[in-house]
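Chemist: Sequence plus the predicted model coming up.
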Amino acid sequence: MADSFAPRDLPRSGDDDDMLELNKDLERMTEDVENMTVQLTWMAYDMVALRTGPELGASIRKLEEAYRNCRAAVCGDPDQE
């Protein structure tokens, strides 16, 4: 890749203030996106926590027990061998 574009190939404008301003803008935008990401993560966590009630765990345990009972009835109980 001898033809690849390298940063040293950019023409120097002589005015580093533009480059500093660009860097500040990019840094600010990056921070804004990071903050939005954190806020979205907390929103998703809150939604899951609010929609998941304590009765969900009990329901899952009941389903697992019903599955084990059905499997034992259909396939035979391996514990009784």
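Modeler: Received, thanks. Only a predicted model underlies this, so the values are computations on that prediction, with no experimental measurement involved. Numbers count the residues shown, from 1 in each chain.
Chemist: how about the longest helix along the chain: buried residues?
Modeler: Longest helix in the chain, counting residues (DSSP state H): helix 16-51. Buried residues in helix 16-51, counted by 16 or more other Cβ atoms under 10 Å: none are found. (Glycine included, C-beta is placed from N, CA and C.)
Chemist: Pull the distance from that helix to the chain's centre.
Modeler: 14 Å (Cα atoms, centre = their mean, to the nearest Å).
Chemist: On the C-terminal side of that helix, identify the next helix or strand.
Modeler: Next along the chain after helix 16-51, taking DSSP states H and E as the criterion, comes helix 54-75.
Chemist: Mind pulling up the pLDDT for the spatially most central residue of the chain?
Modeler: Geometric centre of the chain, nearest residue: residue 41, 7.2 Å, by Cα atoms, centre = their mean. Residue 41 is assigned a predicted lDDT (pLDDT) of 90.
Chemist: One more: residue 65?
Modeler: So, for residue 65, pLDDT stands at 93.
Chemist: what's the spacing between residue 46 and residue 29?
Modeler: 26 Å (Cβ to Cβ, to the nearest Å).
Chemist: one step back: tell me how far the residue nearest to the centre of the chain lies from residue 48.
Modeler: For residue 41 relative to residue 48 (Cβ to Cβ), the value is 11 Å.
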